[in-house]
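Colleague: no FASTA, just this:
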C-alpha cells in the first residue's frame, strides 16, 4: 500500500529553521497533490501547505505565509516543507498527506487519502 515517510523534525529555537521531507512509495507521486498538515495538542489538525502535482499552485495557511515554502521533486518522490523564522506556536506533529486531485488543492483533512505517521517539531522560546 501507499507509504509516506516524514523526516526532518526536531527541536529548534524560535527564529530557527527546519526542513521537513516526505518520501512516498507505491504512489503515483507525479500525479498526486501533496500537503503538510500539523496538529498541536488539544487542537484540530490544520493544513499548513499544499502543492499540486506539477508544482504550479500552492496553498499556505495565513499563519505561515512568508515563512514556510513547499516544494516537490517528482524524480525523487519527495515533497519538502522549508520552515523559517519558526515560532513556538509552530510546535506540533507535522503530517504529510497525498491525494489524487488533478489541479485542485485541498486544505481539509478529509480531502486526503494517504497519510504519513508524522514528525514532531518543537520550537522553544
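Modeller: That came through fine. Note that the structure is predicted; figures quoted are calculated from it, not measured.

Colleague: tell me which element the residue nearest the centre of the chain is part of?
Modeller: For the chain, residue 36 is the residue whose C-alpha lies nearest the centre (Cα atoms, centre = their mean; 2.0 Å). In this assignment (DSSP states H and E), residue 36 forms part of strand 33-39.

Colleague: ok so, going back, beta partners for the residue nearest to the centre of the chain?
Modeller: Per DSSP bridges, the residues bridged to residue 36 are residue 49, residue 96.

Colleague: pretty sure it sits against residue 96.
Modeller: Yes. If you go by Cβ atoms under 8 Å, residue 36 and residue 96 touch, sitting 6.1 Å apart. Heads up, the C-betas are built off the backbone N, CA and C, glycines and all.

Colleague: common neighbours of these two, please.
Modeller: 20, 22, 79 (Cβ atoms under 8 Å, 6 or more residues apart in numbering).

Colleague: so which of the residues you listed wins on neighbours?
Modeller: The most crowded member of the shared contacts of residue 36 and residue 96, judged by other Cβ atoms under 10 Å, is residue 79 (30 neighbours).

Colleague: list the contacts for it?
Modeller: 21-22, 24, 34, 36, 51, 70-73, 96.

Colleague: quick one: residue 89 is in a helix?
Modeller: Yes. Using DSSP: H, G, I helix; E, B strand; the rest coil, the secondary structure at residue 89 is a helix.

Colleague: residues near it, how many?
Modeller: 11.

Colleague: no further questions, thank you.
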